[in-house]
Each structure stands twice: as structure tokens, then as C-alpha cells.
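# Using only what follows, build the 3D model:
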Amino acid sequence: MSQRLQIAIATTFFPSNSQPYRGRPMYEQLRALAKLADVHVLCLDPAYPAHKLLRPRTFLYRDVETSHKLPGLNVEYLQYPALPVITRFFNGYSCGRALVNRLDKLRPDVLIGFYVYPEGFGALNAARELNIPVVIGALGSDLRRIDNYVIERLIGQTLRKSAFIVTVSDELRERAIQFGVAPEKCRTIHNGCDFSIFQPSDRQAARLELKIPTDTELILFTGRFVPLKGIRDLLEAVSLLASRRPRIHLACIGEGPLDREVRQRASQPDLRDYVTFTGPVDAHRIARWLAASSVFCLPSHSEGCPNVVIEALSCGRPVVASNVGGIPELMNPRCGFLVPPQDPEQLAQGLAKTLDQPWDQDEIVGCLKRSWDDMARETYEVACSVVGMAKAASN
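Sure, this is the predicted structure:
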């Protein structure tokens, strides 16, 4: 192609002024993609009424400043009206209405909608109206946690009518194929990592910086405080371990709707001296906590391709994680252990086994070497292919 490809992105998983750490992997991927093409991000956010009874309780919601800017990318924040539960079946159409005018002005060569419903559904509706080819990106729960027949139908329509599907794990790709997507129209593109930030570093130096005793058996968790991430299971597992491992300690990075609940649980006598909450922190700070840790733990009930696992491995730290979704695609016995989800006793056993075993840091680092540039290149290849097929079909 003689000119740079024009790619528009529709997603809600993206940093904003009110949630600066939301969608960090998406931001890194698209910054890398912007080296290859002209990228314009359309961040879709639901706008809920001001009254607290009309705001969501199952996820963290904060008002977005639509004029917010981020370095390295062209970003616009678009809002669509929403109410908890009531508008769920219509949010896809609302996303489409929010997108169509901007897309009409931008006229990109291709639109990529990340997360199948509602953002991908809305992207497909808006782009088809303007004859713009659409790629849908599945990230995890959009295909793994479908609890409603109507939403399932809308997801299936979105997948089958799109020009191409990209998924962050082979497990998600198989799920997309089960919805009727032709295998040749679906590709796995695993997430990447910024190796300038996430790399092996001296544990004791990091502990000195973070004021952690040198003999601590430090377990690190990073993620949203929601039931799906298994943070309740992790607290119970640490409680089981604390009575026989007095040097154990859990550090939790993040925030979410369970914040008050998990802090109250950690204040109980069996956990009071064994848990620290840092709040949300940036990537550099996460890397320092990973350097200080003995083991990283992700006890999720569902996952696509969790970047925190990739980052932990890149820092040379063993991982204990649930055997769900795309996590098994990232790990092998040389870098940690998989455990059944929603089982605190099995989780405690996996953590104890990991803490008792010597690990080769260099071997862990070598388990997975994949950069954001790798992910961007593969995404760009898909975009070019879809644009080429669209032009051939129109001739």
C-alpha cells in the first residue's frame, strides 16, 4: 500500500483521566501499532445518571473527561447513555450511534472493535452503514462469561458478520469458531510485554526500596478487585498458610467494587499482619513489586491472555495461576503451577509448593518472549489483509 493504513479502534478498555490504569495493555498495543499505521482511538464509555442509585455497582465507574489526551496516540472519548441492567440489551446500538458520526468524518480503511459486546456490536453496525470493513477483537470475558441468551445471540451475530476475528488466546479462538466463525477468518494474537520495564531485577534491592523484610515470603496479586479475579479465594488461601508460614505476606495492587470487602476481610485476626494493599500503581511500580516478590498469583475464575502473568514471567518470577482460559498457553512447569479455580485449599497448596521450590530466574524469563511490536505487527497484517479483501470485493 502506497499510503499508511488508516485504522480506527473502538474500545472501552483504555486509560482515561478517571481511571488512568484501565486498559494499559490496549494502550501499549496501539502505541506499537501506531508505528506502522495511522491509528485513531475512539474510547466508548457509558454515561450513567448522577444519582448513585442509577449507577453500576458491579464494576468501578467514574465520570470521564472527554477532552483527556494521552501521549503517542490520537484518542477521542465518546459517551453513550446507559442505565444499570435496563439498557444492557440496547448498549450495542447506543455504541453504534455514538460511533457513526465520527467514523463518517474519519473514514478509516478499517475499524477494529475490541470486546465483542457492546463495543464490537456497535462498531459493526456503524461501520457497515459506512461500508467500512470491521475486525472484532475478543479479549476474554466477552466470550467466556455469557450469562444471557439475548446477549449470546448478539455476540454470535457480531462474530459471524465481521470481516475477521482476532483473539488473545487459542482457547478464545476455539470459542469463536463454535459460534460459527470460519477458522480461516479467526486468528490468535497473544499479548505482548514492554521489556524495558518488565525485566529481571535484584530482589533484595527492590525489597529495600519497598521496605519489605528480606526474609519475607512475598506473594503478589495485581488486578481488579472483582469476584472474577478470585481475590477472595486468595485471601482465604493466605489465611490457611499464615498459621504455618509466619513469614508469608500478600501484597495486593489494584482497586474495584470489592475494595471495602477485601480490606475488611484482611483486617480480621487471621490476616491482619499478612496483607498489604497498595491501591492502583503504574507499570514501573508494578515492576518493582514483581522484583521484590517471591511468587506472583492470579487466581482468576476466567481469563483471556492476562498481561500480569506475562509481566511476572518477564521479571523472572514464578507464577501460580488458575487453570482457566488462555493462562495455560502462557505457562509450563519451568515457570510455575496451575491450580483449579475457586479452590482456596488447592491454591494454598500451589503457593506453598512454589515457595518451597528453587526457581531458575533465567529459565522463567526464557519461557515467554513476546513484545508489543510483535503483537502490533500481527494486528497490522490482519488489518492489511481485511482491507485488501474489501477492495477486491468492491472491484
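# Show me the helices in the stretch 51-200 of the chain, by range?
Secondary structure of the stretch 51-200 of the chain (DSSP state H, counting those that start in this stretch): helices at 91-106, 121-129, 141-144, 149-161, 170-178.
# is it possible to export the ones you listed to TSV including mean neighbour count and mean pLDDT?
Where C-beta positions appear, they are placed from N, C-alpha and C, glycine not excepted. Formatted as TSV, the helices of the stretch 51-200 of the chain follow (neighbours: other C-beta atoms under 10 Å; pLDDT from 0 to 100):
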stretch	mean neighbour count	mean pLDDT
helix 91-106	19	95
helix 121-129	24	95
helix 141-144	22	92
helix 149-161	17	96
helix 170-178	19	97
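# want to throw those into CSV with distance to Leu347?
Written out in CSV, the entries for the helices of the stretch 51-200 of the chain read as follows (distance: least, C-beta to C-beta, whole Å):
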stretch, distance to Leu347
helix 91-106, 35
helix 121-129, 36
helix 141-144, 20
helix 149-161, 30
helix 170-178, 21
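# I'd like the distance between Arg370 and Val387.
When C-beta to C-beta, to the nearest Å is applied, the distance between Arg370 and Val387 equals 25 Å.
# Between these two, which has more neighbouring residues?
Using other C-beta atoms under 10 Å, the more surrounded residue of Arg370 and Val387 is Val387, with 21 against 16.
# what separates the more buried one from Asn17, distance-wise?
The span separating Val387 from Asn17 equals 33 Å under the rule C-beta to C-beta.
# Break the protein into its domains for me.
As given by automatic domain parsing, the domain ranges for the chain are 6-192+372-394, 203-365.
# Now the weakest link among the ones you listed, please, by mean pLDDT.
Here these differ in mean pLDDT, and the lowest is domain 6-192+372-394 at a mean of 91.
# can you map out the strands along this protein?
Applying DSSP state E to the chain gives strands spanning 6-11, 38-47, 74-81, 110-114, 134-138, 164-167, 186-188, 217-222, 248-253, 275-279, 295-298, 319-322, 336-339.
# Which strands border the last one, and is each parallel or antiparallel?
Using DSSP bridges, the strands paired with strand 336-339 in its sheet are strand 319-322 (parallel).
# for the partner strand, the distance to its chain's centre please.
Centroid displacement of strand 319-322 relative to its chain, using C-alpha atoms, centre = their mean, to the nearest Å, is 16 Å.
# List of residues touching it?
Strand 319-322 is contacted by residues 230, 295-301, 303, 306, 309, 312-313, 327, 331, 335-341, 347, 350-351, 354 when judged by C-beta atoms under 8 Å, 6 or more residues apart in numbering.
# Any quick PyMOL command for the buried ones out of the residues you listed?
Selection command for PyMOL covering only the buried members of those, criterion 16 or more other C-beta atoms under 10 Å:
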select buried, resi 230+295+296+297+298+299+300+301+303+306+309+312+313+327+331+335+336+337+338+339+341+347+350+351+354
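# Buried by neighbour count: which residues of stretch 105-117 qualify?
Along stretch 105-117, the positions that meet the burial threshold by neighbour count (16+ other C-beta under 10 Å) are Leu106, Pro108, Asp109, Val110, Leu111, Ile112, Gly113, Phe114, Tyr115, Val116, Tyr117.
# hang on, the earlier thing: of the helices of the stretch 51-200 of the chain, which is nearest Ser243?
Using C-beta to C-beta as the measure, helix 141-144 is the one of the helices of the stretch 51-200 of the chain that comes nearest Ser243, at 34.6 Å.
# ok, now which ones touch Phe296?
Residues near Phe296 by C-beta under 8 Å, 6+ apart: 219-222, 290, 308-309, 312, 317-320, 336.
# Please apply the same query to Glu255.
Leu60, Arg224, Phe225, Gly279, Pro280.
# what separates stretch 225-241 from the chain centre, distance-wise?
19 Å.
# Leaving out chain neighbours, which residue sits closest to the residue most central in space within the chain?
The C-alpha lying nearest the average C-alpha coordinate of the chain belongs to Pro306 (C-alpha atoms, centre = their mean; 5.8 Å). In this structure, Pro306 finds its nearest non-sequential neighbour in Leu298, 5.9 Å apart by C-beta to C-beta, 6 or more residues apart in numbering.
# got it, and Gly254?
Nearest non-adjacent residue to Gly254 (C-beta to C-beta, 6+ apart): Gly223, at 5.2 Å.
# Can you tell me how far that neighbour is from Leu106?
With distances taken as C-beta to C-beta, Gly223 is found 34 Å from Leu106.
# do the same with Phe198
Phe198 sits 33 Å away from Leu106, going by C-beta to C-beta.
# Also Lys211?
Note on Lys211: its distance to Leu106, by C-beta to C-beta, is 49 Å.
# Name the nearest residue to Gln349, sequence neighbours excluded.
Taking C-beta to C-beta, 6+ apart, and ignoring the residues beside it in sequence, Gln349 has Val339 as its nearest neighbour in space, at 7.6 Å.
# Name all residues that make contact with the one you found.
Residues touching Val339, when contacts are defined by C-beta under 8 Å, 6+ apart, comprise Pro299, Val320, Ala321, Ser322, Asn323, Gln346, Leu347, Gln349, Gly350.
# 10 Å instead, please
Residues counted as contacts of Val339 (C-beta atoms under 10 Å, 6 or more residues apart in numbering) are 233, 237, 297, 299, 320-324, 345-351, 353.
# isn't Asp142 right up against Phe114?
Yes. Proximity of Asp142 to Phe114 meets the contact threshold set by C-beta atoms under 10 Å, at 9.0 Å.
# which residues do the two both contact?
What both Asp142 and Phe114 touch, as defined by C-beta under 10 Å, 6+ apart, is the set Gly120, Ile136.
# Correct me if wrong: Thr379 contacts Ala32.
Yes. Under the criterion of C-beta under 10 Å, Thr379 is in contact with Ala32, at a separation of 8.7 Å.
# Now the common contact residues for these two.
Contacts common to Thr379 and Ala32, judged by C-beta under 10 Å, 6+ apart, are absent.
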